[in-house]
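**Q** A predicted structure for the sequence below; I have some questions about it.
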Amino acid sequence: MIIIIKKRRKMKKLTLIIYALIFAFTGNLFAKEVNIFSARHYDSDVQLYQKFTAKTGIKVNVVSGKSGALEKRIIEEGADSQADLYITADAGRLGAFAGNLQGGLTSSAIKSAVPSNFRTSKWVGIAKRARIVYFAPERVSGAELAGLTYESLADPKWKGRLVIRASNNIYNQSLVASLIKNNGKRKIVEWSKGMVANMARAPKGNDRAQILAVAAGEADIAVANTYYLALMLSGKKGPEQQAAAKKVKPFFPNQDGRGTHMNISGAGLVKGAPNKGNAIKLVEFLLSEEAQNHIVNNTFEYPMIAGISPHPLVVNMGLDFKQDLKTKVVNYGNRQADALEVMTATGWK
Ligand code: FE
C-alpha cells in the first residue's frame with residue numbers, strides 16, 4: 001500500500017515537471033504579447049500601443065528608460081532577456097547596438113514602407129527628423145545664409161556666433177559621421193576646429209537650449225533637430241519656450257548639394273526575442289497610415305511612409321527642402337567612433 005502511494009506521488013511530480021517543460025517550450029508560441037524596450041517616453045506612444053492591442057489582441061508590455069540603461073539591461077540579461085523590440089531615436093545609436101539585434105524586419109510590408117537608405121539588415125526607421133540650423137532673423141541676413149552648408153558652419157564669419165550641444169550627444173555624432181562619410185576624416189578634423197572656434201559658448205544643454213540661446217541673443221545660429229522647434233511652438237513646453245521659438249527661423253542646409261542631414265527613430269528585433277512574430281506585426285502597424293498619422297502629430301517628426309502630412313507646425317517650417325537621401329543612415333553607426341574622436345581631439349566639449 002505504501003509503495004503504491006509513493007509511486008503515485010512520483011507520477012504526480014513527473015506529470016507536473018512535464019507540464020512545466022511543455023509550457024516553457026511552447027508558452028511563448030501561444031502568448032499574445034510583445035515586449036518593447038523603448039527609449040521614447042511619449043505618452044502618445046502608449047496610446048498607439050493600445051490601438052495595436054485593440055486591433056490584434058496582442059498585449060504590449062513596455063519597459064521605458066534611457067537608451068543606455070535599456071541597452072545595458074538587454075546585454076546583462078542575455079539569454080534571459082524578455083525584450084522583443086528595441087525602439088530608440090537615432091540611427092547611430094541603433095547602429096552601435098546592432099550586434100545585439102537579430103535582423104528579420106524584412107517583410108514585404110516593411111520593405112515597401114521604408115526607403116532602403118532608412119533601414120539596414122538589423123533595424124528599420126519608423127519616423128524621420130532633420131538636423132538643421134536655426135537663426136535670429138534680426139541678426140542674420142538672407143544673403144549671409146545663402147548656400148549655407150554644414151561644412152560652411154566652420155567658416156570664420158560665424159566666429160562667436162554659433163551654439164551647438166556637446167560632442168557626447170548622439171545627434172551630433174551622427175551628423176559628424178555623415179560629414180566624415182562625405183568629406184573624409186582629415187577635412188572634418190579641420191572643420192571641427194573651425195566649429196569650436198565659432199562657438200559662442202562651451203556646449204551645454206539639450207537641443208531646445210540651443211534654440212533658446214539664439215532667441216535670447218547669446219548666439220546668432222544654432223544646430224538642433226526639426227521637431228524641437230515645433231514642440232516649442234506648440235506650447236507643450238510652456239509659454240516662455242513658445243515665445244522664444246517664435247523669435248527664430250529654421251534654415252535647411254546643403255540645399256545646393258546632397259541635401260539636409262536626415263536621421264530616424266527606429267526599431268530593431270532583439271536577439272532571442274521570445275515573441276518575434278508579434279514584434280514584426282507591431283513594426284508593420286507602426287508603419288501603417290493610422291500609426292504614422294498618430295506619430296507625426298504627437299512627436300512632430302516627419303512620416304516614414306509616403307502620403308502622410310506632418311503636423312501643421314512642421315508643415316509651416318517648410319516641406320519643399322531637399323533631404324540627404326544619398327548618405328545611408330547606416331554610416332552614422334559605422335563612423336560614430338571616428339566622429340567622437342575628431343570632436344574630442346579638436347576640443348569640442
Ligand atoms: Fe530628441
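**A** That came through, no problem. Numbering: from 1, shown residues only.
**Q** my reading is that residue 132 lies in a strand. Confirm?
**A** Yes - judged by DSSP: H, G, I helix; E, B strand; the rest coil, residue 132 forms part of a strand.
**Q** what is the neighbour count of residue 257?
**A** 15 (other C-beta atoms under 10 Å). In short, each C-beta sits where N, CA and C put it, glycine included.
**Q** my error: substitute residue 328 in the last question.
**A** Residue 328, neighbours per other C-beta under 10 Å, totals 17.
**Q** so residue 335 sits against residue 182, correct?
**A** No - under the criterion of C-beta atoms under 8 Å, residue 335 makes no contact with residue 182, lying 10.1 Å away.
**Q** more neighbours: those two, which one.
**A** The residue with more neighbours, out of residue 335 and residue 182, is residue 335; 24 against 19, by other C-beta under 10 Å.
**Q** how near is that one to residue 90?
**A** Separation of residue 335 from residue 90 (C-beta to C-beta, to the nearest Å): 13 Å.
**Q** before we move on, what about residue 70?
**A** 13 Å.
**Q** between those two, which one's more packed in?
**A** The residue with more neighbours, out of residue 70 and residue 90, is residue 90; 25 against 21, by other C-beta under 10 Å.
**Q** got the phi and psi for the more buried one?
**A** phi 90, psi 120 (degrees, to the nearest 10).
**Q** OK, contacts around the residue lying closest to it once chain neighbours are set aside?
**A** Computed as C-beta to C-beta, 6 or more residues apart in numbering, the closest residue to residue 90 that is not its neighbour in sequence is residue 170, at 4.7 Å. By C-beta atoms under 8 Å, 6 or more residues apart in numbering, the residues touching residue 170 are 90, 92, 93.
**Q** just those residues now: which is nearest residue 159?
**A** Of all the contacts of residue 170, residue 159 sits closest to residue 92, with 28.6 Å by C-beta to C-beta.
**Q** what's the burial count for the closest one?
**A** 28.
**Q** again, but for residue 78
**A** Neighbours around residue 78, by other C-beta under 10 Å: 10.
**Q** pLDDT score for it?
**A** Predicted confidence (pLDDT) at residue 78: the value is 94.
**Q** tell me the centre residue of this structure?
**A** residue 89 (1.4 Å; C-alpha atoms, centre = their mean).
**Q** look up the closest residue to residue 264, ignoring the ones flanking it.
**A** Residue 264's closest residue in space is residue 125 (C-beta to C-beta, 6+ apart), at 3.5 Å.
**Q** for residue 191, same thing?
**A** In space, residue 191 is closest to residue 154, 4.6 Å off (C-beta to C-beta, 6+ apart).
**Q** swap in residue 106?
**A** residue 121 (7.7 Å).
**Q** what about the one you found, distance to residue 98?
**A** In terms of C-beta to C-beta, residue 121 sits 9 Å off from residue 98.
**Q** more crowded one of the two?
**A** residue 98 (18 against 13).
**Q** report how many residues lie close to the residue nearest to that one when sequence neighbours are not counted.
**A** Leaving aside its chain neighbours, residue 98 sits nearest to residue 122 (4.3 Å; criterion: C-beta to C-beta, 6+ apart). Number of residues near residue 122 (other C-beta under 10 Å) recorded here: 21.
**Q** could I get the pLDDT score of residue 122?
**A** 95.
**Q** wait, it sits on residue 100?
**A** No - counting by C-beta under 8 Å, residue 122 stays clear of residue 100, with 9.2 Å between them.
**Q** part of a helix, is residue 157?
**A** Yes - membership of residue 157 in a helix is supported by three-state DSSP.
**Q** ok, the residue lying closest to residue 305 once chain neighbours are set aside - contacts?
**A** Excluding the flanking residues, the one nearest residue 305 by C-beta to C-beta, 6+ apart is residue 113, at 4.9 Å. Residue 113 is in contact with 284, 287, 304, 305, counting by C-beta under 8 Å, 6+ apart.
**Q** could you do residue 81 as well?
**A** 73, 74, 270, 272.
**Q** about what we covered before: give me the element the residue nearest to residue 264 is part of.
**A** Element membership for residue 125, per DSSP states H and E: strand 123-135.
**Q** that strand: how far from the chain's middle?
**A** 8 Å (C-alpha atoms, centre = their mean, to the nearest Å).
**Q** show the pLDDT at residue 90.
**A** 96.
**Q** pretty sure it contacts residue 264?
**A** Yes - between residue 90 and residue 264 there is a contact at 7.4 Å, judged by C-beta under 8 Å.
**Q** picking up where we left off before, dump the contacts of residue 170 to JSON lines, plus distance to residue 38.
**A** Shown next, in JSON lines, are the contacts of residue 170 (distance: C-beta to C-beta, whole Å):
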{"residue": "90", "distance to residue 38": "13"}
{"residue": "92", "distance to residue 38": "18"}
{"residue": "93", "distance to residue 38": "13"}
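**Q** returning to that earlier point: between residue 122 and residue 100, which contacts overlap?
**A** By C-beta under 8 Å, 6+ apart, no residue touches both residue 122 and residue 100.
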